[in-house]
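Asks: Following is a predicted model, sequence given first.
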Amino acid sequence: MVRDGEIRLGQFLKLAGSAGSGADAKQMLAAGLVLVNGELETRRGRRIVAGDAIDADGEQLVVGAG
């Protein structure tokens with residue numbers, strides 16, 4: 001759920017189609033396959049906002065404004 005212009009990273013990965021489920025997102029993060037703004041991220045609950053750049057296992061994603 002998007003609140004106040006933010007979304008949690010795990011939810012974003014599912015919505016973007018990079019992860020099929022929350023468990024898949026958790027595994028991707030634990031394996032070190034996700035970068036947020038060029039930095040390794042392991043927290044599924046990390047709040048991301050419009051303009052953040054996500055690299056999910058080589059797939060480049062940019063969070064857009066709702």
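Replies: Cool, got the structure.

Asks: So in this protein, which helix runs the longest?
Replies: Secondary structure of the chain per DSSP state H: the longest helix is helix 22-30.

Asks: right, and the helix or strand after that one?
Replies: strand 34-36 (DSSP states H and E).

Asks: After that next one, which helix or strand is next?
Replies: Reading on from strand 34-36 to the C-terminus, the next helix or strand found by DSSP H and E is strand 39-40.

Asks: contacts for that following strand?
Replies: 32, 34 (C-beta atoms under 8 Å, 6 or more residues apart in numbering). Placement of C-beta: from N, CA and C, glycine included.

Asks: mean confidence for it?
Replies: For strand 39-40, mean pLDDT rounds to 98.

Asks: pLDDT below threshold where in this protein?
Replies: Across the chain, the ranges flagged by pLDDT under 70 are 1-3, 66.

Asks: most centrally placed residue in the protein?
Replies: By C-alpha atoms, centre = their mean, the chain has its centre lying nearest to residue 9, at 3.5 Å.

Asks: sec struct for residue 61, please.
Replies: Under DSSP: H, G, I helix; E, B strand; the rest coil, the three-state class of residue 61 is strand.

Asks: For it, give its distance to residue 37.
Replies: 12 Å (C-beta to C-beta, to the nearest Å).

Asks: what about the residue lying closest to residue 10 once chain neighbours are set aside, which SS state?
Replies: Nearest residue to residue 10, sequence neighbours excluded (C-beta to C-beta, 6 or more residues apart in numbering): residue 44, at 3.7 Å. Following three-state DSSP, the label given to residue 44 is coil.
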